[in-house]
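Novice: predicted model follows, preceded by the sequence.
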Amino acid sequence: MHKQGYNYFEVVDQPTVIDDFIYKHPVVAIASRYPIVELHAVKENPTLVQALGLTDDFSFSRKILRATIDIPHIGHTDCYVVHLKSKRSMIEYCEQGKNHSSEKSIIESFKAQVSGSWGSTIQRGTEATLLMMEIIERREKTNYPMVLMGDFNNTLADGVLSHLLTNTLRFVSLIDCDVYLAKYCLNDAWDLSQKVQCNNAKKDNEENSIASTEQNSLETRNPTHYFGGKGSVLDYILLSCEFDASYHDSLYQVNEYQTYDRHLINPIFDRDGESTDHGIVLVTLTLRS
């Protein structure tokens, strides 16, 4: 990373070495061209853990990294890196030492798959909830802009993680609702980029503004992961209002959103043999004029 101009690189955990160069329990990391002024592993709030009815030893499946980076023009910005619990079943059926019929083995495997997958879902949704509470508390203390990025192992449209993009507040006036949602909630970089493209199209040609808007709204988002021939978006970059062009006090806007997936669509072993099995989300942020 240093050779590519990323002079600042941090982790908050270490993987487990099995044998020589073989590792397990991968960790998250962050690389930056700008100074990392503070580094922190996000902790589980024990009071909230108890209130949610979880066991006292509940922990994130992978430690979540928070790095405060001194970004030009906008200053100290809290950047969170996550790799939430995968959809892989937490329970595996072991047939060893059991004299079951074929049907019984299939049924037991099926039960383990269903219950274990739900267990992973609970873990993933809980991780997102605990993180969101920490993000809100941190924002309240510092008012730093926020960036949340990584492998969410879930679509945000799913109810399990939809609270990361909360857009309503109950029992609050409309004025207060807009103010506090803007300050404490996050926005999908994809949505922000689409809004910028629509606005640019309107400015370029007012006469064709309706057609341009419709064309932009029909743009499809490339998957970041494929399983069984089906693609889905599991990787995201979420941004606070300081990066939303429609927010009156924003400094940056998302001018471009891309998903780098050449290694998935057209892999070449010599080039892509050690690549990630996910597409890489890239956004370009520019200062608002």
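Specialist: Sure thing, it's come through.

Novice: Pro223 and Phe243, how far apart?
Specialist: 24 Å (C-beta to C-beta, to the nearest Å). C-beta here means a position set from N, CA and C on the backbone, and glycine is covered the same way.

Novice: comparing the two, which residue is more hemmed in?
Specialist: Taking neighbours as other C-beta atoms under 10 Å, Pro223 and Phe243 compare with Phe243 leading, 26 against 18.

Novice: beta partners of the spatially closest residue to the more buried one that is not a sequence neighbour?
Specialist: Excluding its sequence neighbours, the residue lying closest to Phe243 (C-beta to C-beta, 6 or more residues apart in numbering) is Tyr252, at 4.8 Å. On the basis of DSSP bridges, Tyr252 is bridged to Leu287.

Novice: ok, Tyr252 - contacts?
Specialist: When contacts are counted by C-beta atoms under 8 Å, 6 or more residues apart in numbering, Tyr252 touches 73-74, 242-243, 285-288.

Novice: centroid-wise, who is the farthest residue in the protein?
Specialist: Distance from the C-alpha centroid of the chain, by C-alpha atoms, centre = their mean, peaks at Asn99 (43.9 Å).

Novice: pLDDT score assigned to that one?
Specialist: Note on Asn99: pLDDT of 73.

Novice: so who does Asp188 touch?
Specialist: For Asp188, the contact set (C-beta under 8 Å, 6+ apart) comprises 156, 165, 236-238.

Novice: quick one: mean pLDDT over the lengthiest helix in the chain.
Specialist: The residue-count maximum for a helix in the chain (DSSP state H) belongs to helix 102-142. Averaged over helix 102-142, pLDDT sits at 92.

Novice: quick one: list the elements packing against that helix.
Specialist: If you count contacts as 3 or more C-beta pairs under 8 Å, 6 or more residues apart in numbering; DSSP states H and E, helix 102-142 packs onto helix 46-51, strand 75-83, strand 146-151, helix 174-184.

Novice: Arg138 touches Tyr144, doesn't it?
Specialist: Yes. If you go by C-beta atoms under 8 Å, Arg138 and Tyr144 touch, sitting 7.5 Å apart.

Novice: need the residues touching each of the two.
Specialist: With C-beta under 8 Å, 6+ apart, Arg138 and Tyr144 have common neighbours Asp78.

Novice: and Phe249, helix, strand or coil?
Specialist: Phe isn't right for residue 249; it's Asp. When classified by DSSP: H, G, I helix; E, B strand; the rest coil, Asp249 comes out as coil.

Novice: need the contact list for it.
Specialist: Asp249 touches 241-242, counting by C-beta under 8 Å, 6+ apart.

Novice: can you tell me which residues contact Val172?
Specialist: Tyr180.

Novice: phi first, then psi, for it.
Specialist: phi -130, psi 140 (degrees, to the nearest 10).

Novice: residues near Cys241, how many?
Specialist: 20.

Novice: quick one: low-confidence residue ranges for the protein.
Specialist: 95-97, 205-218 (pLDDT under 70).
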